[in-house]
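Participant: sequence-free structure coming up:
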């Protein structure tokens with residue numbers, strides 16, 4: 001098949017998904033191309049796209065896909081339609097709110113291709129009570145008529161999409177994100193590792209403020225203060241620094257900046273994901289695959305990752321629940337290590353890139369056969 005993925009900014013979990021899927025589909029003999037936004041990006045973005053060139057026989061095409069609605073939202077879909085027609089595309093797959101918009105508007109004209117949409121959280125994060133949110137939901141409902149299939153990365157995403165937007169009448173599938181085999185190699189931190197590690201965007205939605213509050217009173221069994229290393233950056237980084245100083249834990253919290261997740265897993269004995277909201281976070285998958293103990297909140301699709309251990313998830317937006325779970329780890333790290341080994345086995349079975357690609361490839365084939 002000749003496949004064209006459309007996305008806005010090549011960052012975060014959405015880009016990770018598209019990159020893994022592109023490489024896997026290419027290795028299976030399909031011809032793949034990518035459309036990504038030309039208005040944003042930096043050296044890191046360009047480096048990520050450069051790594052994908054061996055797998056994109058149909059090219060990487062940069063077109064303007066602005067975050068907000070504007071004139072380009074008419075011009076760019078038209079250019080995607082022309083591109084898809086010239087490349088003889090069989091499958092147009094839009095990712096995220098704006099990528100899904102551009103791909104499906106282009107698909108209205110490109111009748112030869114089947115058109116799919118993966119929200120990746122997009123519609124789930126809009127507030128229906130705001131004018132912009134209400135407008136976006138109206139557009140989403142209208143575009144479902146131009147959609148051959150919607151792929152959700154979690155059952156949670158499918159449920160919330162149905163509640164906020166509509167229950168699609170087209171084909172739908174829940175196909176979980178997956179990891180490559182190399183990510184399932186266990187990581188063992190050294191003796192001097194911090195007690196806890198956080199990897200993610202520094203903003204309140206991720207619960208980083210709650211994490212620092214919960215850390216402040218914690219002590220190890222020997223009475224020494226518990227420690228934390230934080231990797232990431234974001235809009236609330238300055239507020240986090242001020243909070244750390246105000247709580248008097250500056251010498252117990254290390255801010256490491258943006259770092260690769262697996263490198264950070266070796267710097268902390270327990271990974272903490274205190275999010276107030278999520279979809280299907282890669283950081284939980286990655287930590288589980290590395291066989292690291294994980295403390296996480298019961299939000300989004302995290303319970304699907306934890307499977308039979310879902311009862312270990314804690315209440316979101318609760319400093320007390322988080323503090324209690326962190327104290328339990330400090331008291332019984334061995335029990336958490338046993339849970340980590342079992343969770344790694346569960347995730348290895350159900351969340352691989354191979355399994356993810358099997359599901360999406362089969363759906364492409366099914367839709368093409370129905371034409």
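Facilitator: Received, thanks. Model, not experiment: these values are computed from the prediction. Numbers count the residues shown, from 1 in each chain.
Participant: For residue 205, which residues are in contact?
Facilitator: The contact partners of residue 205, taken as Cβ atoms under 8 Å, 6 or more residues apart in numbering, are 275-277. Bear in mind the C-beta positions are built from the backbone N, C-alpha and C, glycine included.
Participant: what ranges do the helices span in the stretch 1-150 of the chain?
Facilitator: 12-27, 43-52, 72-87, 96-109, 131-143 (DSSP state H, counting those that start in this stretch).
Participant: And the strands in the stretch 101-250 of the chain?
Facilitator: 114-118, 149-152, 171-174, 194-199, 228-231 (DSSP state E, counting those that start in this stretch).
Participant: So which elements touch the longest one?
Facilitator: Identification of packing neighbours for strand 194-199 by 3 or more Cβ pairs under 8 Å, 6 or more residues apart in numbering; DSSP states H and E yields helix 208-215, strand 228-231, helix 261-265, strand 268-273, helix 319-331.
Participant: which parts of the helix or strand of the chain with the lowest mean pLDDT are buried?
Facilitator: Scoring the helices and strands of the chain by mean pLDDT, DSSP states H and E places helix 131-143 at the bottom, with a mean of 81. For helix 131-143, the buried set under the neighbour-count rule, 16 or more other Cβ atoms under 10 Å, comprises 136-137, 139-140, 143.
Participant: Let me have those residues in JSON lines, extended by distance to residue 321.
Facilitator: JSON lines is the format used below for those (distance: Cβ to Cβ, whole Å):
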{"residue": "136", "distance to residue 321": "33"}
{"residue": "137", "distance to residue 321": "32"}
{"residue": "139", "distance to residue 321": "38"}
{"residue": "140", "distance to residue 321": "34"}
{"residue": "143", "distance to residue 321": "39"}
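Participant: Closest to residue 364 out of the residues you listed?
Facilitator: residue 143 (19.4 Å; Cβ to Cβ).
Participant: Tell me who's in contact with that closest one.
Facilitator: 100-101, 104-105, 117.
Participant: where does the stretch 101-250 of the chain dip in pLDDT?
Facilitator: 122-128, 132 (pLDDT under 70).
Participant: switch the cut-off to 50
Facilitator: For the stretch 101-250 of the chain, no stretch has pLDDT under 50.
Participant: filter the contacts of residue 205 to the buried ones?
Facilitator: Using 16+ other Cβ under 10 Å, the buried ones in the contacts of residue 205 are 275-276.
Participant: List just the nearest of the contacts of residue 205 to residue 6.
Facilitator: Distances from residue 6 to the contacts of residue 205, taken by Cβ to Cβ, are shortest for residue 277, at 25.2 Å.
Participant: Next, the closest one: secondary structure please.
Facilitator: Three-state call for residue 277 (DSSP: H, G, I helix; E, B strand; the rest coil): coil.
Participant: My read is that it contacts residue 299, right?
Facilitator: Yes: look at residue 277 against residue 299 with Cβ atoms under 8 Å: they come within range, at 5.5 Å.
Participant: Can you pull the residues that touch both of these two?
Facilitator: residue 316.
Participant: Please tell me how far the spatially closest residue to residue 140 that is not a sequence neighbour sits from residue 88.
Facilitator: Take residue 140 and drop its neighbours on the chain: the residue closest to it by Cβ to Cβ, 6 or more residues apart in numbering is residue 165, 4.7 Å away. Counting by Cβ to Cβ, to the nearest Å, the gap from residue 165 to residue 88 is 32 Å.
Participant: residue ranges with poor pLDDT in the stretch 251-371 of the chain?
Facilitator: For the stretch 251-371 of the chain, no range has pLDDT under 50.
Participant: Please enumerate the helices of it.
Facilitator: Under DSSP H, counting those that start in this stretch, the stretch 251-371 of the chain gives helices at 261-265, 282-289, 302-306, 319-331, 333-350, 353-369.
Participant: Can you spell out which helices and strands pack onto the first one?
Facilitator: With contacts defined as 3+ Cβ pairs under 8 Å, 6+ apart, helix 261-265 has these neighbours: strand 194-199, strand 228-231, helix 282-289.
Participant: Name the residues that touch stretch 11-18?
Facilitator: 5, 7, 9-10, 34, 45, 48, 95-96, 99, 118, 120-121, 153, 177, 279-282.
Participant: again with stretch 152-163
Facilitator: 17, 118-121, 123-124, 150, 168, 172-177, 279-280, 300-301, 303-304.
Participant: and it, how far out from the chain's middle?
Facilitator: Averaging C-alpha positions (Cα atoms, centre = their mean, to the nearest Å) puts stretch 152-163 14 Å from its chain's average.
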